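# Structure for the following, please:
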Amino acid sequence: MRNPRAGHRDDSNPDPAEGADTVTQRVARRLVESLRHAWHDRPLPLDLFFYGISLLYAAGVALTNEFYGYRMWGNFAAAGYGLALLHSLWLLFAAPEALRKAGRWASRWVGVALVGAIGMVLPLGLLVVRRLTGRDWLDTPWSWSAQPEVWVIERSAELLLRDGTPYVDVFALGRAPEVNDYTPYGPVMPVFGLPKALFGGTPVTDALTDARLIFILVAAGCVWMTLRLLGRPAVPLRAAQLAVVCPVTALTFATAAPDLAILGLLVLACALAATDRPLAAGAVLALVGSAKLIALLAAPVLVVLLLARAGRRAAGGFGLVLLGGTVLLNIGALLVDPKAFVEHVLRFPAGLGAVTSPAASPLPGYLIASTGAAGKVVAFILLGAAGLAIAAWLIARPPTTGSDALLRIAVGLGAFTLLTPATRFGYLVYPFVLLGAMVCFRAAESARSERASTTTSS
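Numbers count the residues shown, from 1 in each chain. As a prediction, this is how the structure comes out:
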């Protein structure tokens, strides 16, 4: 006789592993649903959390940091985040009638505008003007109105015009080399200092050609071109919070800003690749990678993206333009003084130069490496393991959209920042801005898909 239970699941003896998997999946599903609910349906509590954490960070910088520019930013940013926090509280608890009468003041974008105006533009303007008092190059960080990278890049432009290379021979100075003798950037970075080298010399022109303003203008231009490539989508507020008014971005905006130009060009390269313009994407990535080497970590992601979207020919064209452009942009400085090029661009950032890099924020990679020789080995092993994990992710789930690519680049640069032995908190601006850009790209992709489905159904 046939067993009536044959072919049926025996619920009286459930598989423990299967039950555990079911519970794990249920918890993960509920977590994702809760995050989605907080992200889309009840955004104000998340706004309060964002502005509250940002306020604490800015206040901490204002009270404890040794750099004058950082403390100046912290004071203004704390006010901006505080007002944004109060505005979000009002939106959360105000009566519906009061919100209707408030008009545009009831928009969540008011918080972003408050931080942008009070916590970014105002301190930048004051620091640019105060810098005219001439505190650059002094060994007094409590008096600096700009971070050293600003005046180092401006000096590199002067060296480029005078000597044909932005790099000095640190072994021929007649004294022991110092950190600020180095220009740890590619030969494209001095271009941002050329306006001051060419047109500076008076208080007005020195202020107007401050390298920070040039970085910001380039970043803004890249954002404008990216949005045009994406079809001028509505920018999600959450994208602006992550990419623009996040504390690491706002601090960089006011005190240094070269990474904002790098990020703008990097996002533009992603937009070009995601809209099937491989040659232009390769040219832009060659440009940005020849300003800061870290940007070249995005190259494998964009190659895989183009392979998935447009095939081998497009990916090959991207690679050839990237390689040729990088060689073309670097060969001049390399030929003028190969030893100086290697010392500044390769050895110093890797911690192998005549002077140790001051990048020493207490992030995991630095903390592990600081335990000794074995710690350095462990840190590099972890960094390599993270790289292999991201490579496996690329192979297992190749990116097919710009948002997919940006997520992988953000994770890669975030892992690099956290695990490399020589690192700074400021480099966290890379994953935050890229995640904000990912949110914007995803919104544009969703809008494009909705338009396509509407057209098809009609």
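# thought Gly317 was touching Leu279?
Yes: with contact defined as CB atoms under 8 Å, Gly317 and Leu279 form a contacting pair (5.4 Å). Any C-beta I mention is one placed from the backbone N, CA and C, and that applies to glycine too.
# Ser121: how many residues sit nearby?
To be clear, residue 121 is Val; Ser isn't right here. Val121 is surrounded by 17 other residues when neighbours are defined as other CB atoms under 10 Å.
# Can you report phi and psi for it?
For Val121, the backbone dihedrals (degrees, to the nearest 10) come out as phi -70, psi -40.
# Equivalent analysis for Lys292, please.
Its backbone dihedrals place Lys292 at phi -150, psi 120, with angles given as degrees, to the nearest 10.
# likewise Thr423?
Taking degrees, to the nearest 10, you get phi -150, psi 170 for the backbone angles of Thr423.
# so it sits right up against Ser361, yeah?
Yes: under the contact definition of CB under 8 Å, Thr423 touches Ser361, with a separation of 5.7 Å.
# Compare neighbour counts for those two and give me the winner.
For Thr423 against Ser361, the residue with the higher neighbour count under other CB under 10 Å is Thr423, and the figures read 22 against 16.
# Need the nearest residue in space to that one, chain neighbours excluded.
Leu363 (5.1 Å; CB to CB, 6 or more residues apart in numbering).
# what's near enough to touch that neighbour?
For Leu363, the set of contacting residues under the criterion of CB atoms under 8 Å, 6 or more residues apart in numbering consists of 417-419, 423, 425.
# same thing but 10 Å
Counting by CB atoms under 10 Å, 6 or more residues apart in numbering, Leu363 makes contact with 417-421, 423-425, 427-428.
# Now the buried members of those.
Restricting the contacts of Leu363 to buried positions leaves 417-421, 423-424, 427-428, with burial counted as 16 or more other CB atoms under 10 Å.
# Max pairwise distance over those: which two?
Greatest spacing in the buried ones among the contacts of Leu363, by CB to CB: Pro421 and Leu428 (16.2 Å).
# what sits up against stretch 222-231?
With CB under 10 Å, 6+ apart as the criterion, stretch 222-231 contacts 232-235, 243-244, 260-272, 274-275, 277, 280, 284, 288, 402, 437, 440-441, 443-445, 447-448, 451.
# Looking at the buried ones among the contacts of Leu363, which one is closest to Asp206?
Distance ranking of the buried ones among the contacts of Leu363 against Asp206, using CB to CB, places Arg424 first at 27.0 Å.
# Now for that closest one: which residues touch it?
With contact set as CB under 10 Å, 6+ apart, Arg424 has these partners: 357-361, 363, 366, 417.
# what's the nearest residue to Tyr182 once chain neighbours are set aside in contact with, if anything?
The shortest distance from Tyr182 to any non-neighbouring residue, by CB to CB, 6+ apart, is to Phe348 (5.0 Å). Counting by CB under 10 Å, 6+ apart, Phe348 touches 170, 177, 179, 181-184, 342, 354-357, 422.
# thinking again about what came up before, can you check which residues contact both of Thr423 and Ser361?
In terms of CB under 10 Å, 6+ apart, Thr423 and Ser361 are both contacted by the residues Thr417.
# got the CA positions of stretch 378-397 in PDB?
What follows is stretch 378-397, C-alpha atoms only, in PDB (Å, rounded to 0.1, in the frame of the first residue of the first chain):
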ATOM      1  CA  VAL A 378      47.800  41.800   8.200                       C
ATOM      2  CA  ALA A 379      46.500  45.200   7.000                       C
ATOM      3  CA  PHE A 380      47.700  44.500   3.500                       C
ATOM      4  CA  ILE A 381      46.200  41.000   3.600                       C
ATOM      5  CA  LEU A 382      42.900  42.400   4.600                       C
ATOM      6  CA  LEU A 383      43.100  45.000   1.900                       C
ATOM      7  CA  GLY A 384      43.900  42.300  -0.700                       C
ATOM      8  CA  ALA A 385      41.100  40.100   0.600                       C
ATOM      9  CA  ALA A 386      38.600  43.100   0.200                       C
ATOM     10  CA  GLY A 387      39.800  43.600  -3.300                       C
ATOM     11  CA  LEU A 388      39.300  39.900  -4.100                       C
ATOM     12  CA  ALA A 389      35.800  40.000  -2.600                       C
ATOM     13  CA  ILE A 390      34.900  43.000  -4.700                       C
ATOM     14  CA  ALA A 391      36.300  41.300  -7.800                       C
ATOM     15  CA  ALA A 392      34.300  38.200  -7.100                       C
ATOM     16  CA  TRP A 393      31.200  40.400  -6.700                       C
ATOM     17  CA  LEU A 394      31.900  42.000 -10.100                       C
ATOM     18  CA  ILE A 395      32.100  38.500 -11.700                       C
ATOM     19  CA  ALA A 396      29.200  37.000 -10.000                       C
ATOM     20  CA  ARG A 397      26.900  40.000 -10.400                       C
END
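# Show the residue spans covered by the helices in the stretch 1-150 of the chain.
Per DSSP state H, counting those that start in this stretch, the stretch 1-150 of the chain has helices spanning 16-36, 43-64, 68-93, 96-102, 109-116, 122-130, 148-163. These are given in chain order.
# closest one to Asp139 among those?
Ranking the helices of the stretch 1-150 of the chain by proximity to Asp139 (CB to CB) places helix 148-163 first, at 10.7 Å.
# now for the closest one, which elements pack on it?
Counting contacts by 3 or more CB pairs under 10 Å, 6 or more residues apart in numbering; DSSP states H and E, helix 148-163 packs against helix 194-199, helix 211-229, helix 258-274, helix 312-336.
# CSV for those, including distance to Arg42?
Rendered in CSV, the data for these read as follows (distance: least, CB to CB, whole Å):
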stretch, distance to Arg42
helix 194-199, 46
helix 211-229, 28
helix 258-274, 29
helix 312-336, 42
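# Output the ones you listed as TSV; include the columns mean neighbour count and distance to Glu66.
Output for these, formatted as TSV (neighbours: other CB atoms under 10 Å; distance: least, CB to CB, whole Å):
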stretch	mean neighbour count	distance to Glu66
helix 194-199	18	26
helix 211-229	19	20
helix 258-274	27	20
helix 312-336	16	33
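# need those in JSON lines with distance to Thr249 and mean pLDDT, can you?
Formatted as JSON lines, the helices and strands packed on helix 148-163 follow (distance: least, CB to CB, whole Å; pLDDT from 0 to 100):
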{"stretch": "helix 194-199", "distance to Thr249": "23", "mean pLDDT": "96"}
{"stretch": "helix 211-229", "distance to Thr249": "10", "mean pLDDT": "97"}
{"stretch": "helix 258-274", "distance to Thr249": "7", "mean pLDDT": "97"}
{"stretch": "helix 312-336", "distance to Thr249": "27", "mean pLDDT": "95"}
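# among these, which is nearest Leu85?
helix 258-274 (24.5 Å).
# Report the buried residues of the very next helix or strand once past that closest one.
Following helix 258-274 in sequence order, the next helix or strand is helix 278-289 (DSSP states H and E). When burial is assessed from 16+ other CB under 10 Å, helix 278-289 yields the following buried residues: 278, 280-289.
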